[in-house]
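S.K.: here are the coordinates; sequence isn't available:
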Ligand SMILES: *Cc1c(COP(=O)(O)O)cnc(C)c1O
């Protein structure tokens, strides 16, 4: 009998082994460029996973944050919060919604949304409210948000899952209509306008419009998780604005603070009054440093016309990829290029996780999600020349990868 294999030592002596990490550390950045501790330069087409809206060391953000750190970083929610008022007012102005609650991360914003939906149900006499969620969705890694997530890998090992979710496929109106017929306790529909971790899968405009209509008809809340696709990434402030609709509840995070942890759930009139004093709270939420980061990020986005930039440079990037990969497109090569603005997915016919490391070696940061989708979510300041450089580095890597014989399944 073989001796049992010794457990592999963790890659770090003290940090828990929860991430697959590339073998280098980043030390500083400037715009869309970052450098590692060995002095190697990278073009950043990942933006810290759609977080670094203004890139790195932005000349307007750095002095604003430095000023704020010198005044007040944190003070708790025991006091009046004028900066929360200021950022909430701006988010409401941009979205047409009415009130915001501040937290620090995406999953927290989604937790708040789920609590709002449940209490909305309880307030109208539904004791066991149900929320419609989606296949391939990603909403975070807390117990409730991983239960709402539509990825068995995220859920494995963490049961029992939170109950009260009904799962449907994306862009299938008939599936929703069937739920409406059979489940009287539904109180809300909860989805990403463009699924991020699930592989850059957009909800279509007619689908979003149908959801708005069904939510009105059945008195459900329309809850749009814009944690990844919001804050200008698609070329509008919020991705649902392409469909000309308003959600009732909109969780935000990633890009809102340009790297400082800021989350928010922004609500319209049907949802804004659901939570009252004592119903919800968080220690770090809405602290002055976070609010300053949010206020400044939105201000710079407007001053520097970054929505237009996301739309035009995103289109250029997509067109460049489509052009350079045209001969590879098909069921055995590049199966689809999709997304909007600076949220782009390039789907290959087979799992391509190793492209992460190969791209980094070639000086390009990106990610691979849903096994075979190369995801580009760069800072919204990406220039046309930098977009061309992404195409120039990435396309030959894809070409070489697809020319290799597929690896036998492990
Ligand atoms: C990243 C993400 C989350 C989770 O955000 P965290 O800040 O990691 O908790 C939730 N929803 C979507 C759509 C996301 O992309």
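M.R.: Happy to help now that I have it. Every value quoted in this text rests on a predicted model; they were computed, and no experiment measured them.

S.K.: ok, so what distance separates residue 304 from residue 381?
M.R.: According to C-beta to C-beta, to the nearest Å, residue 304 stands 7 Å off from residue 381. Heads up, the C-betas are built off the backbone N, CA and C, glycines and all.

S.K.: Pick out whichever of the two has more residues nearby.
M.R.: The residue with more neighbours, out of residue 304 and residue 381, is residue 381; 23 against 15, by other C-beta atoms under 10 Å.

S.K.: Can you report how many residues lie near the residue nearest to that one when sequence neighbours are not counted?
M.R.: Distances taken as C-beta to C-beta, 6 or more residues apart in numbering place residue 55 nearest to residue 381, at 4.7 Å, with adjacent residues excluded. Residue 55 has 23 neighbouring residues, counting by other C-beta under 10 Å.

S.K.: which residues touch residue 55?
M.R.: Applying C-beta atoms under 8 Å, 6 or more residues apart in numbering, we find residue 55 in contact with 29-32, 44, 47, 379, 381.

S.K.: Now for the residue in the chain that the ligand sits nearest to: which residues touch it?
M.R.: Nearest residue of the chain to the ligand, counting by C-beta to the nearest ligand atom: residue 106, 2.1 Å away. The contact partners of residue 106, by C-beta under 8 Å, 6+ apart, come to 139-140, 225, 227-228, 251, 253-254, 263.

S.K.: dump the residue contacts of the one residue sitting closest to the centre of the chain.
M.R.: Of all residues in the chain, the one closest to the mean position by C-alpha atoms, centre = their mean is residue 228, 1.9 Å from it. Applying C-beta under 8 Å, 6+ apart, we find residue 228 in contact with 49-50, 106, 192, 194, 196-197, 254, 343, 377.

S.K.: how does it look with 7 Å?
M.R.: Residues near residue 228 by C-beta atoms under 7 Å, 6 or more residues apart in numbering: 50, 192, 196, 254.

S.K.: Could you list the residues of the stretch 251-400 of the chain in contact with the ligand?
M.R.: Residues of the stretch 251-400 of the chain found near the ligand (C-beta under 6 Å from any ligand atom) are 253-254.

S.K.: again, only using 8 Å
M.R.: Neighbours of the ligand within the stretch 251-400 of the chain, by C-beta under 8 Å from any ligand atom: 251, 253-254, 261, 263.

S.K.: picking that back up, host element of the residue nearest to the centre of the chain?
M.R.: Residue 228 is part of no helix or strand, with elements assigned from DSSP states H and E.

S.K.: If you drop the residues flanking it in sequence, what lies closest to it?
M.R.: Nearest non-adjacent residue to residue 228, counting by C-beta to C-beta, 6+ apart: residue 196, 3.7 Å away.

S.K.: okay, now the closest residue to residue 169 other than its chain neighbours: neighbour count?
M.R.: Spatial nearest neighbour of residue 169, chain neighbours left out: residue 135 (5.0 Å); criterion: C-beta to C-beta, 6+ apart. Residue 135 has 15 neighbouring residues, counting by other C-beta under 10 Å.

S.K.: Make sure residue 135 is actually in contact with residue 166.
M.R.: No - at 11.6 Å, residue 135 and residue 166 do not qualify as touching, with contact defined as C-beta atoms under 7 Å.

S.K.: Now do the helices in this structure.
M.R.: Under the criterion DSSP state H, the chain contains helices at 47-50, 61-71, 82-95, 106-123, 143-148, 152-155, 173-182, 205-218, 288-303, 306-324, 355-361, 384-403.

S.K.: now these in a markdown table, with distance to residue 338 and mean pLDDT?
M.R.: Below are the helices of the chain laid out as a markdown table (distance: least, C-beta to C-beta, whole Å; pLDDT from 0 to 100):
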| stretch | distance to residue 338 | mean pLDDT |
| --- | --- | --- |
| helix 47-50 | 16 | 98 |
| helix 61-71 | 31 | 98 |
| helix 82-95 | 25 | 98 |
| helix 106-123 | 22 | 98 |
| helix 143-148 | 23 | 98 |
| helix 152-155 | 22 | 96 |
| helix 173-182 | 20 | 98 |
| helix 205-218 | 14 | 98 |
| helix 288-303 | 24 | 98 |
| helix 306-324 | 9 | 98 |
| helix 355-361 | 17 | 98 |
| helix 384-403 | 15 | 98 |
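
S.K.: Nearest to residue 239, out of those helices?
M.R.: Between residue 239 and those, the tightest spacing by C-beta to C-beta is seen for helix 205-218, at 9.2 Å.

S.K.: Tell me if that closest one is near the ligand.
M.R.: No - on the criterion C-beta under 8 Å from any ligand atom, helix 205-218 is out of touch with the ligand, staying 15.3 Å away.

S.K.: and stretch 117-131, does that touch the ligand?
M.R.: No - on the criterion C-beta under 8 Å from any ligand atom, stretch 117-131 is out of touch with the ligand, staying 14.6 Å away.

S.K.: now for the contacts of residue 55, which pair is the farthest apart?
M.R.: Spanning the widest gap among the contacts of residue 55 are 30 and 47, at 13.7 Å by C-beta to C-beta.

S.K.: Neighbour count: these two, which is higher?
M.R.: Relative neighbour count places residue 47 above the other of residue 30 and residue 47, with 28 against 13, counting by other C-beta under 10 Å.
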